[in-house]
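1. Quick check, what structure comes out for this input:
(3 chains)
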Amino acid sequence: MPEGHTLHRVAADLRRRFAGRVVESSSPQGRFAQGAARVDGRVLTDAEAWGKHVLVTFDGLDDVVHVHLGLFGGWAFADASDEVPPVVGQVRWRLRGPGGLADLRGPTACELLSPPQVDALLARLGPDPLRADADPDRAWQRISRSRASIATLLMDQAVVAGVGNVYRAEVLFRHQVPPDRAGRDIGRATWDAIWADLVVLMREGVRTGTIDTVRPEHDPEAMGRPPRDDDHGGEVYVYRRTGRPCHVCGTAVTTEVVGGRNLFWCPRCQSADRLTP
DNA sequence: GGGCAATGTGTAA
DNA sequence: TACACCTTGCCCA
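-> Residues are numbered from 1 along each chain as shown, chains lettered A, B, ... in the order given. Prediction:
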């Protein structure tokens, strides 16, 4: 269940459990057998997230393990005191150490990268709202010149790294931006507000592990509507709420497949005449 | 037990 | 635009 906040949590968990310690590394499933063997018995030195990518480094090895979860991948952690879980299903990579255990399942990418390959990977990522060194102006340079819709641009990892389908829908709702508005028609002030909001929302996501975007004054429970009518773990305005009433105006939330992904928005709160570029 | 959707990305046409 | 890939869980019979 990966948007950027999930991967920053994963990186932090890997650091907390394994950094500075020797790890046992294996690939129960076998598809990462060679890579797992290369790092087995080494000291794990760091784990860091860049957008939706996680990079894990080891002492005495220039190559880096690169993990990308894709749509279905996931990490499962267990404490050292817990019983070692049997290898169930398809565990691509298992790490064990004094800090516990980590199982990786279903990733799109789990591979060793050379330093130039890592450079190339990072070079094609836009700024990540969760990184202190991120420069939102880099994203603005792309957005302000693009005829593509802001909904498409927010999902483009070369424009902004770490935003996924939930944050994109929610942040556009929070700023009353019609999803089909072209990037170049967004306006600097609106972009600055969207970026600042992404920083706040995604940091909160790292802290809690869920995506909660509804402001207290729109809390559906407080407004007499059933809470938590979604299954992704947090309270949201529009994501996967097709046909249900908007928490602000009551209009039915709309959905449409755009670029192969489901896009959700409120046709009233995010109608074109509500936003001046 | 089958069918399907899912917070993603890359390639080819 | 289509599809290929990775895996799980939930819904339905």
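2. C-alpha only now, for contacts and for neighbours.
-> OK.
3. any idea how far A:Gln270 lies from A:Asp180?
-> 10 Å (Cα to Cα, to the nearest Å).
4. okay, those two: which has more neighbours?
-> A:Gln270 (19 against 14; other Cα atoms under 10 Å).
5. what secondary structure does that one sit in?
-> Using DSSP: H, G, I helix; E, B strand; the rest coil, the three-state assignment for A:Gln270 comes out as coil.
6. again with A:Val67
-> strand.
7. Not counting its neighbours along the chain, what's nearest it?
-> Residue nearest to A:Val67 in three dimensions, not counting chain neighbours: A:Cys110, with 4.5 Å by Cα to Cα, 6 or more residues apart in numbering.
8. per-residue confidence for the one you found?
-> With respect to pLDDT, A:Cys110 scores 97.
9. now A:Arg274
-> A:Arg274 is given a pLDDT of 62.
10. re the thing from before, pretty sure the residue nearest to A:Val67 sits in a strand.
-> Yes - applying three-state DSSP, one finds A:Cys110 inside a strand.
11. where do the helices sit along the stretch 151-277 of chain A?
-> Shown for the stretch 151-277 of chain A, the helices assigned by DSSP state H, counting those that start in this stretch span residues A:165-174, A:188-208.
12. So which bits of the last one are buried?
-> By neighbour count, with 16 or more other Cα atoms under 10 Å as the criterion, the buried positions of helix A:188-208 are A:190-191, A:194-195, A:197-199, A:201-206.
13. helices or strands next to it in the packing?
-> helix A:4-18, helix A:136-143, helix A:165-174 (3 or more Cα pairs under 8 Å, 6 or more residues apart in numbering; DSSP states H and E).
14. switch the cut-off to 7 Å
-> For helix A:188-208, the elements it packs on are helix A:4-18, judged by 3 or more Cα pairs under 7 Å, 6 or more residues apart in numbering; DSSP states H and E.
15. partners of the next helix or strand after the helix it packs on in the sheet?
-> Sequence-wise, the next helix or strand downstream of helix A:4-18 (DSSP states H and E) is strand A:21-22. Using DSSP bridges, the strands paired with strand A:21-22 are strand A:43-50 (antiparallel).
16. Buried residues in the partner strand, which are they?
-> Buried residues in strand A:43-50 (16+ other Cα under 10 Å): A:Val43, A:Leu44, A:Thr45, A:Asp46, A:Ala47, A:Glu48, A:Ala49, A:Trp50.
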